[in-house]
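1. I would like to see how this sequence folds:
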Amino acid sequence: MTDHASDLREIVRAGYAAAALKVAEGGTACCGSGAACGPGAAAEVDENFGAGLYGAEERDSLPAEAVAASLGCGNPLAVADLHDGERVLDLGSGGGIDVLLSARRVGPTGKAYGLDMTEEMLALALTNAEKAGVTNAEFLKGTIESVPLPAHTVDVVISNCVINLSTDKPAVFAEMFRVLVPGGRVGVSDIVADDHLTPDQRAERGDYVGCVAGALSFAEYRTGLRAAGFTAVEITPTHRVADGMHSAVIRAVKPAAATGL
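-> I've put the predicted structure just below:
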């Protein structure tokens, strides 16, 4: 990893650690530009991010801290089509909202894994799982570029506005492919840029921790997933988060005949 990439990762880690601590203190974690958050902060939360993208029934079924820690740009469970008995991996699980909802959808015979590199978020997620009474969830410490699971472990990979934070997206796509069983699928929410925007222009629209500067373009996302071996790649924008930047649902499939990884 280059010094620049290492510095960016530390900036991201520190930002999300601070967000977890804010929630633990009774505040709300925020993502997006211009968001004010923390204990007693005015709720100037960017409506393109966070718990408002979930249904009221989903929010009400979880501990308040899991909802408050939501930093996503979508609701990947709305498109993941989870079934009883499936195994799910959430890349960048944060306070655990998507892991806990996934664990309930796959039922007692299934399992939901959450992966996060931030100790503070992992501690918050474990507390939330205990409060929610969820027993079929497991939280792992690690990076999304090097997932601490064996190959062919999960049926579904989900993620919510986290892949854009990686400085090595080809490694993330390769790991997604590796941990999926043949025939497994991807259903993630992420920020995607219009193809005409340069990296510098994306950075002008928001910072890295704010989930904007590191976004891939539509073409780059498709190319990256296909290079990793995925097929049936679909990218569907859902709402605008900045000029030329969109929250999008990304779907892909690992071919059933895939061998090796």
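2. quick one: low-confidence parts of the stretch 101-250 of the chain?
-> For the stretch 101-250 of the chain, applying pLDDT under 70 flags the ranges 206-213.
3. Strands of that one, start to end?
-> Using DSSP state E, counting those that start in this stretch, the strands of the stretch 101-250 of the chain run over residues 111-116, 137-141, 154-160, 180-193, 216-217, 231-242, 245-253.
4. In TSV, list those strands along with distance to Ser102 and mean neighbour count.
-> Yep, even glycine has a C-beta here, placed from its N, CA and C like the rest. Listed next are the strands of the stretch 101-250 of the chain as TSV, based on distance: least, CB to CB, whole Å; neighbours: other CB atoms under 10 Å:
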stretch	distance to Ser102	mean neighbour count
strand 111-116	4	26
strand 137-141	8	18
strand 154-160	7	26
strand 180-193	10	23
strand 216-217	24	22
strand 231-242	19	16
strand 245-253	16	22
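5. thinking Ala256 is in contact with Gly183, fair?
-> Yes. Using CB atoms under 8 Å, Ala256 is in contact with Gly183, at 3.9 Å.
6. about what we covered before: is it possible to get a markdown table of the strands of the stretch 101-250 of the chain that adds distance to Thr223?
-> Listed next are these as a markdown table, based on distance: least, CB to CB, whole Å:
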| stretch | distance to Thr223 |
| --- | --- |
| strand 111-116 | 24 |
| strand 137-141 | 29 |
| strand 154-160 | 18 |
| strand 180-193 | 13 |
| strand 216-217 | 9 |
| strand 231-242 | 9 |
| strand 245-253 | 12 |
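7. any idea how far Met176 is from the closest residue to Thr143 other than its chain neighbours?
-> In space, and not counting its chain neighbours, Thr143 is closest to Met117: 5.0 Å by CB to CB, 6 or more residues apart in numbering. According to CB to CB, to the nearest Å, Met117 stands 16 Å off from Met176.
8. more neighbours, the two?
-> Met176 (26 against 19; other CB atoms under 10 Å).
9. wait, what's in contact with the more buried one?
-> For Met176, the contact set (CB atoms under 8 Å, 6 or more residues apart in numbering) comprises 91, 157, 186, 228, 230.
10. The first one against Ser159, yeah?
-> Right, Leu91. Yes. With contact taken as CB under 8 Å, Leu91 and Ser159 are classed as touching, separated by 3.9 Å.
11. so what sits against both of the two?
-> Joint contacts of Leu91 and Ser159 (CB under 8 Å, 6+ apart) are 144, 188.
12. How many neighbouring residues does Leu197 have?
-> Using other CB under 10 Å, Leu197 has 18 other residues around it.
13. Now do the same contact list for it.
-> Neighbouring residues of Leu197 by CB under 8 Å, 6+ apart: 217, 244-245.
14. Helices of the chain, start to end?
-> Taking DSSP state H as the criterion, the chain carries its helices at 3-24, 56-60, 64-68, 77-80, 97-106, 119-132, 169-179, 199-204, 218-228.
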